[in-house]
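*Asks:* fold the following for me, if possible:
(4 chains)
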There are 4 protein chains.
Amino acid sequence: MSSHPVAVTVVGASGYTGAELLRHLAHHPHIELSAVYAHSKAGLALGEVFPALSHSELTLERFDAQHASERAQVAFLALPHGAAQGAANALRARGVTVIDLSADHRFNDPAQYADIYGAPHQHPERLKESVYGLPELFRDQLRSADLIACPGCYPTSVALGVSPAFKAGLTANYEVIADCKSGVSGAGRGAKELSLYAERAEAMQGYATLNHRHAPEMEATLGRIIAQRAGQGGYDQRARGEVKVHFSPHLTPMSRGILSTLYLRLKPGVEEREVREAYHSAYDDEPFVTLLPPGRHVTTLAVRGTNRCHLDLTVQGDMLVVHSAIDNLGKGAASQAIQCLNARLGLPETTGLQAIGMYP
Amino acid sequence: MSSHPVAVTVVGASGYTGAELLRHLAHHPHIELSAVYAHSKAGLALGEVFPALSHSELTLERFDAQHASERAQVAFLALPHGAAQGAANALRARGVTVIDLSADHRFNDPAQYADIYGAPHQHPERLKESVYGLPELFRDQLRSADLIACPGCYPTSVALGVSPAFKAGLTANYEVIADCKSGVSGAGRGAKELSLYAERAEAMQGYATLNHRHAPEMEATLGRIIAQRAGQGGYDQRARGEVKVHFSPHLTPMSRGILSTLYLRLKPGVEEREVREAYHSAYDDEPFVTLLPPGRHVTTLAVRGTNRCHLDLTVQGDMLVVHSAIDNLGKGAASQAIQCLNARLGLPETTGLQAIGMYP
Amino acid sequence: MSSHPVAVTVVGASGYTGAELLRHLAHHPHIELSAVYAHSKAGLALGEVFPALSHSELTLERFDAQHASERAQVAFLALPHGAAQGAANALRARGVTVIDLSADHRFNDPAQYADIYGAPHQHPERLKESVYGLPELFRDQLRSADLIACPGCYPTSVALGVSPAFKAGLTANYEVIADCKSGVSGAGRGAKELSLYAERAEAMQGYATLNHRHAPEMEATLGRIIAQRAGQGGYDQRARGEVKVHFSPHLTPMSRGILSTLYLRLKPGVEEREVREAYHSAYDDEPFVTLLPPGRHVTTLAVRGTNRCHLDLTVQGDMLVVHSAIDNLGKGAASQAIQCLNARLGLPETTGLQAIGMYP
Amino acid sequence: MSSHPVAVTVVGASGYTGAELLRHLAHHPHIELSAVYAHSKAGLALGEVFPALSHSELTLERFDAQHASERAQVAFLALPHGAAQGAANALRARGVTVIDLSADHRFNDPAQYADIYGAPHQHPERLKESVYGLPELFRDQLRSADLIACPGCYPTSVALGVSPAFKAGLTANYEVIADCKSGVSGAGRGAKELSLYAERAEAMQGYATLNHRHAPEMEATLGRIIAQRAGQGGYDQRARGEVKVHFSPHLTPMSRGILSTLYLRLKPGVEEREVREAYHSAYDDEPFVTLLPPGRHVTTLAVRGTNRCHLDLTVQGDMLVVHSAIDNLGKGAASQAIQCLNARLGLPETTGLQAIGMYP
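*Replies:* All right, here's what the predicted structure looks like:
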C-alpha cells in the first residue's frame, strides 16, 4: 500500500447508499474523496441533498467517465441496475478500479443476468472479470479484482447465516427457507407511495414472496460455497444445482436493518454443539461477524450504522434456525464495499470501519 | 336474545387488552358495561389510566367475585395467566359466564397445562368445561359455552392461516414453520426494559425461538382440526400426534399487529388453484376473514383496530406460503372475545364489531 | 330529519382524508354512500386503494358533477385546493349540498383568497355563500348552510385552543404563538421525498416558519370570534385587525395527530382559576372537546381516529400555555366534516362519531 | 499533551449516556478506557448490556473510588443526580479529574441547588470548583477545570440557540419561549410505563410545562452570558435577573434528538441581516455548530449520533424564531463531555468526535 491516499469517487451519490459511502469514507485514513457524481441532483451542494452533511463543501457533479478517471483510481457505483454497466465499462476501459454496488455484475453468466433482469447485459465480457464482493467468503479473489460486484443486502445476510452449515456438511440438503425483514431504506430514496411514512408505520407486510430477484443471487453464491466444498471431496458437483432458497422478504417499519430468519434441516444426529462449532470456526477470526452465545438474540438495532453481522442459532430436533442481522446500507451495501476495497488494497479489512453501533 | 342489554364486566381493565375491550364494548348495541375491575390501579378513573377515555365517568374497582356476580351476567377476564383461574372459578360458581382472555383455560388436559405453565392448575375441573374461543373453527361448541378460553394472539393468526390447508388434506404432512412478527403491545403494558421505545425502535429481533408457550397451543388446535377431518374418514387418528409447529416469534417495531408467515409443504401435484379454492371455501362466508386476490399482500396496518384477519397465499412447486395478518389486541384478543360472546348470545357475530380499520 | 337515509358521495376518495371519510360514513346510521370518485385511481376497487377496505365492493369512478348530482344530496370534496372550486360550483348549481374539505372556500373575501393562494378564485360568488365548518364556534350558521368550508387541521386545533381565552377577554392582547406539531399524513398521500419513511423517522423538523397559509386562516377565524365579542360591547372593532398568530408548524415522526402548543399573555391579575372557568364554560357542553384536569397533559395518541379535541392548560405569571390535541384527519378534517353535516341535517352532532380512540 | 494515552473510566456505564460515552471513547486516539462501572448490572459483560458491544471484552464492575483512582486520571460520571455528588467528591479527593454528566454540579450556589433538587448538596464546596461544560460559551474556564459539570440536553440546545442574539444585544428583552421536543431516550433507560414503545409511538405530548428543573439552569447560563456582555459595558448588572425562559418540553415519538423552537422579541428596527451576522459571528469558527442558509430547516435526523448543533432562523417583524437541533445523548450529553475533556487536555476539541451523522 502506498503512503499516498487513494483517490476515490462515488457515482450516484444522492441516494441512501451514496450517503452511507460518503459517511464511511470520511473516516477512512487512506482514502481521499476526489469527486461525487449524481444525475438529477447534479449541481447541488452535498449539504442540500443530505442535511447531515450541511458542513461539507463538496458539490454533486454530472458523471463523466473521462472526468472521473482523471480524478480517481477507484470508483464506487451506487447507481440503479442497468445504469451501472455502462459506467463500469467506461471506467474500466480507462483503468479505474470499479466497485459496483448495483446488481449489474453479480452473475458471471450473461444468460442468467438477462434472464433475471429482463434485458441482455450491454458488456457481457465484464461479467467474466467481476468478483463477488463478500470478503468472508471470497476474500482471495478480491485481492486482485478490478471489478467488484457487491452483493445485495438480502444475499449478504443470508449467505453469512447459511454458509457455515453448508460448508461443514451439517444439513440434510441444500434447501433453506429465508424469511427476511428489511427496513424501508432498502427500497431506496425514490418517492413512491409504498415508501411513505404513513404507509409503512405499523405496516408489516410481505412482498415478492418466492419471486424476488435476490433468490437466484443467493442460490448462485451458496452454490459456489458448496462447489468449493465439493472440490475438497465432500460433495459431488451436482450439489450446485440442488441449492434452493425459498426467499420471502418483508417490509418492516424501521429505516434500516435486515433480520433474516433462516430455517435449515440438519442431518440426522447432528447436535447443537457441532453446529455452534462450525459457526465459531467460520467466524471467530472474522472481525465483523459475531455469533451470540446461547440464549441471546440478535437485533437490527445493534448493528445499525456498522459493518457488522450478528448471528444467533437455535437447534431443536433436526430444525436449525439462524438469525442473521446486518444494516442493509452498511454490511449490506456501503461499508462492505469499503471492506472489499480494503481487501483489494491490501489494507486490514477493518480500516476505517471500526465504528460501534449507536444504542439506541 | 333478550331485548334487555346483557350486563358485562371487565376484570383486569387497566392493560391494553382491557382498553380494547372497553373500546369495542362501548359500540355494542346489546351490551351494558356494569363494572370495571383492576388491581394496582383500583380507585383511578378510567380517564387517568387511558387518556383516550378522558371523557368516561367509570372508576376502576378492586375485583370481588361476589360483587361482580351481582352486577354482571358475563365477565371478561383480562388477567395474567395464573391469576385468571381463581377468578374464573369464583365467577362460574356464582353463575357468571366467563370469557377468559388469559392462557389459563386453553388446554382441556390439566397435565398439559401444568407442563407448559410450570404449575398445576388450581381448578382442573374447569378445564373440561372450557371451550376454545376461535369461532371460525369451533363455533358450534361456543353457542352453549359458559367458560370460553380465548386463544392467544399468535395461535389465532396461525390457526386461521393454516387450517384450510390441513382441513382440505392438501399438505404432505402436518408440519408448519410459523415465522411470526408481533407488535410491542403483545408484551403487555408492564414496564420492562425490553418494551421501551428506545429499545424497540429500529429493532427487529427474534425471541423464544422454537421455545414459546404458544407452540403447543397451536399444535393442540390444529390437532383438533385434523381429528375432525379424521372423523370424516380422511386421515387416521395418528394424525393428531404428527402436528408440528416450528414457531419462531419476533418483536417488530410497531405498537400493534401480528403478521404470520407460514410455510407448508403441499402434496405432490397440488396446484395453486386448489389451494385457493380451499381457502375460499373455508372463509367466503366468514365476515371477518378475507383472502386477498393473487398479487396483493396483507399488511398489519389494514387490520389494525379491527376484528379482521387478512390472508394472502403463494404457491411455488410444493411450497405454500401463507401470510396471515391480524391485530394482536383485536382478533388476537379483545374483539375476538366479543365475537365469542355474540356467538354465545345467539347474536350475529359481527354485532358491534364492524368498524373499518383506519388508514393510515 | 327524514327517515330515509341521506345519499352522499365522496369526491377525491383516494387520499387519506377520503379514507377517513369512508371509514366514518360507514358507521353513520342515517347516511348512505352512493358513489365514490377519484381521478388518477378511477376504475380501481376501494380495496386496491385502501387495504383496510379489502372487503368493500365499491369502485372508484371518474368524477362528473351531473352523475354525482343524480346520485347524492350531499357531496364531500376531498380534493386539492384549486381543484375543489370548480367541482363545488358545478354541484351547487345542481342543488347538491357541498362540504368542501379543501382550502377553496375558507375565506369570504375573494381578494384574500387570491392573495394567499396565488390565483384568483374561479367562482368568487360562492365564497359569500360559504360557512366555515367549525361547529363549536359557528354552529348557528351551519344549520342552514349549503356550502360548508371545513377548516384546515392546524386552524381547528388552534381556534379551539385559543378562542375561550379571547372570548372571555382574559388576554392582554390578541397575539398568540402557535407551535404546532403535525403527523406526516398531513402532507397527504402524494409520493414526495419529504414524506418518505426513511426521511421522517427520527426527524423532528420545522417548516414554513411564520410563513404558512394557515396563519391568515387562523387570524380570520379568531378575528370573527373577537368581533362577536366586540358586538357584545367587550372590545371595539379595531380588535379584529389586531389578531396576530405567529404560526410555526413542525413535521413530527408519527402518522397522525396535531399537538398545538399555544402561548398567550394574560391581562394583569388574571388567575388560573378564571382561565379554567372560561374553558369549562366554553366546552363543558361540547361532546367532542375535553379540558383535562390540572396535572394531566394531552397526547395525540388519545384522540387518534376520533373527532375529539383534548386540551390542557398551564398558567405561570402572565403566561398561559394551552396544549390542543386533535387527529389531523379526524377533527382536523373528515370527522369534523361529518359533524358539520350532522349540524346541517338537524341530527345530534355526535351521530356516527362516538368511537373511542384505540390505546395504543 | 502527553504522548501516552489518558486513562479514563465511565461510572454508571449501563444507561444510554454510558453507551454513548463508550461508543465515542472507542474512536478517540488519545484515550484509553481502563474500567467501566455500574451498579445493578455490575458483573455483566458489556455485550450483555449493550448488544451493539457484543464484541467487547470489558465487564462492568461495582464502583469504588479508590479502585477507580488507581486506574484512571479522568472519570466520566453518568449517574443519576444525587448519586453523582458523593462519587465526584471521593474521586476529586484522590486527584481524579471529574466530568459529571448529572445535574449535581451545574449550579455554583448551594442554595439554588437545594431549592431546585429538593435536598441540600452533600459537598457544597465542590460547587464552587465546578465549571459548566459548554465549550462554545465557557471554553476558557474549561482549560483548567478539574470538575466539569456538563449541561443538560435541553439547556445545551437552548443556550446555543439563544446566546448569540442576547450577546449581540439584538433582543428587546431577555425573555425567551423555548418549545422543546425531545426523543424518548431523554427519559433514560429505566423501565417506566411512560417510556414504553406502545405509549410513545404516535404520542406527541407536553410535560412539566413551565415547571421543569432545566429552566433555572437555562436562566443561570444565559444570565452569565449577559453578565459577560454587561462587563463589556453593554448592559447593566440588573440584566442578569431579568432573564426569563418560558420552558415547555414535549415527548416526541423518536429515540434520540432535541429540536428546540425558540421565540424571541427583537429590538425595534433590527433586521434579519443583523441577526444572521450575529449568529455567523458566534459560530463560523465553531466546528460543531452550523447555521443553515435561509430557506432550509434543521432536522434532528441530521445531527443524530454526532456532536453537532444545527440552527436555522426566521425573522418576521419583531419576532425571531430559532430552531436548534442536537442529539440529546450526543451534544446534549456524552460527546459534549468528551469535547470538554479535549478542551481540558489541550487537544483540538474535535479529536475523536468528527463522525458524520447517518442518513437515514
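*Asks:* where do the strands sit along chain A?
*Replies:* A:6-11, A:31-37, A:74-77, A:97-100, A:131-132, A:147-149, A:175-182, A:205-206, A:244-251, A:258-265, A:289-291, A:309-316, A:319-326 (DSSP state E).
*Asks:* want to throw those strands into CSV with mean pLDDT?
*Replies:* Output for these, formatted as CSV (pLDDT from 0 to 100):
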stretch, mean pLDDT
strand A:6-11, 98
strand A:31-37, 95
strand A:74-77, 98
strand A:97-100, 98
strand A:131-132, 97
strand A:147-149, 98
strand A:175-182, 98
strand A:205-206, 98
strand A:244-251, 98
strand A:258-265, 98
strand A:289-291, 97
strand A:309-316, 98
strand A:319-326, 98
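*Asks:* need the ones you listed in CSV with distance to D:Ala203 and mean neighbour count, can you?
*Replies:* From N, CA and C alone the C-beta is placed, and that goes for glycine too. Formatted as CSV, the strands of chain A follow (distance: least, Cβ to Cβ, whole Å; neighbours: other Cβ atoms under 10 Å in any protein chain shown):
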stretch, distance to D:Ala203, mean neighbour count
strand A:6-11, 39, 24
strand A:31-37, 39, 21
strand A:74-77, 41, 27
strand A:97-100, 43, 25
strand A:131-132, 46, 23
strand A:147-149, 45, 26
strand A:175-182, 25, 24
strand A:205-206, 23, 24
strand A:244-251, 23, 23
strand A:258-265, 26, 25
strand A:289-291, 35, 22
strand A:309-316, 30, 23
strand A:319-326, 28, 26
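*Asks:* relative to chain D, which of those strands is closest?
*Replies:* strand A:289-291 (5.2 Å; Cβ to the nearest Cβ).
*Asks:* does chain D sit close to the closest one?
*Replies:* Yes: counting by Cβ under 8 Å from any Cβ of the partner chain, chain D is contacted by strand A:289-291 at A:Thr290.
*Asks:* show me how far that strand is from its chain's centre.
*Replies:* 16 Å (Cα atoms, centre = their mean, to the nearest Å).
*Asks:* show me what it is packed up against.
*Replies:* Packing partners of strand A:289-291 (3 or more Cβ pairs under 8 Å, 6 or more residues apart in numbering or on different chains; DSSP states H and E): helix A:272-283, strand A:309-316.
*Asks:* who touches that strand?
*Replies:* A:136, A:160, A:276, A:279-280, A:282-283, A:308-313, D:54-55 (Cβ atoms under 8 Å, 6 or more residues apart in numbering or on different chains).
*Asks:* tell me the strands beside it, with direction?
*Replies:* strand A:309-316 (parallel) (DSSP bridges).
*Asks:* next, the angle from the strand it pairs with to strand A:258-265.
*Replies:* Relative orientation of strand A:309-316 versus strand A:258-265 (axes from the mean of the first three to the mean of the last three Cα atoms, to 10 degrees): 30 degrees.
*Asks:* output strand A:309-316 as CSV - backbone C-alpha positions only.
*Replies:* Taking C-alpha atoms only, strand A:309-316 is exported to CSV below (Å, rounded to 0.1, in the frame of the first residue of the first chain):
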residue,chain,number,x,y,z
CYS,A,309,-23.2,-9.1,11.1
HIS,A,310,-24.6,-10.6,14.3
LEU,A,311,-25.8,-14.2,14.3
ASP,A,312,-27.7,-16.4,16.8
LEU,A,313,-28.8,-20.0,16.3
THR,A,314,-31.3,-22.5,17.8
VAL,A,315,-31.5,-26.2,17.3
GLN,A,316,-34.5,-28.4,18.0
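*Asks:* okay, the angle between it and helix A:272-283?
*Replies:* Using the same axes, to 10 degrees, strand A:309-316 lies at 160 degrees relative to helix A:272-283.
*Asks:* neighbouring contacts of strand A:309-316?
*Replies:* A:156-157, A:160-161, A:266, A:271-272, A:275-276, A:279, A:283, A:288-292, A:296-299, A:302-303, A:320-326, A:331, B:206, B:209-211, B:246, D:51, D:54.
*Asks:* would you mind measuring from the residue lying closest to A:Glu274 once chain neighbours are set aside to chain B?
*Replies:* Distances taken as Cβ to Cβ, 6 or more residues apart in numbering or on different chains place A:Leu170 nearest to A:Glu274, at 6.5 Å, with adjacent residues excluded. As defined by Cβ to the nearest Cβ, to the nearest Å, A:Leu170 lies at a distance of 17 Å from chain B.
*Asks:* tell me who's in contact with A:Leu170.
*Replies:* Contacts of A:Leu170 by Cβ under 8 Å, 6+ apart are A:Leu266, A:Lys267, A:Val270, A:Glu274, A:Val275, A:Ala278, A:Leu320.
*Asks:* now with 7 Å, please.
*Replies:* A:Leu266, A:Lys267, A:Val270, A:Glu274, A:Val275, A:Ala278 (Cβ atoms under 7 Å, 6 or more residues apart in numbering or on different chains).
*Asks:* pull the most distant pair out of those.
*Replies:* In these, the most distant members under the criterion Cβ to Cβ are A:Lys267 and A:Ala278, with 12.1 Å between them.
*Asks:* quick one, which of the two is more surrounded?
*Replies:* A:Ala278 (20 against 12; other Cβ atoms under 10 Å in any protein chain shown).
*Asks:* ok, the residue in chain A sticking out farthest from the centre to A:Gly86 distance?
*Replies:* Here chain A reaches farthest from its C-alpha mean at A:Gly269, the gap being 33.7 Å by Cα atoms, centre = their mean. In this structure, A:Gly269 and A:Gly86 are 53 Å apart, going by Cβ to Cβ, to the nearest Å.
*Asks:* now swap in A:Val49 and tell me
*Replies:* Counting by Cβ to Cβ, the gap from A:Val49 to A:Gly86 is 23 Å.
*Asks:* do the same with A:Ser324
*Replies:* Note on A:Ser324: its distance to A:Gly86, by Cβ to Cβ, is 34 Å.
*Asks:* is any part of stretch A:216-231 close to chain B?
*Replies:* No: shown here: stretch A:216-231 not in contact with chain B (Cβ under 7 Å from any Cβ of the partner chain), separated by at least 13.1 Å.
*Asks:* ok now that stretch, how far from the chain's centre?
*Replies:* Worked out by Cα atoms, centre = their mean, stretch A:216-231 lies 16 Å from the chain centre.
*Asks:* just the buried positions in that stretch, please.
*Replies:* A:216-226, A:229-230 (16 or more other Cβ atoms under 10 Å in any protein chain shown).
*Asks:* go on, stretch A:192-209?
*Replies:* Buried residues in stretch A:192-209, counting neighbours by 16+ other Cβ under 10 Å, are found at A:194-207, A:209.
*Asks:* now that stretch: how far from the chain's centre is it?
*Replies:* For stretch A:192-209 - counting by Cα atoms, centre = their mean - the centre lies 22 Å from the chain centre.
*Asks:* which regions of the stretch 1-150 of chain A lie under the pLDDT threshold?
*Replies:* A:1-3 (pLDDT under 70).
*Asks:* in it, which spans are helices?
*Replies:* A:16-25, A:46-49, A:65-71, A:84-93, A:110-117, A:124-129, A:135-142 (DSSP state H, counting those that start in this stretch).
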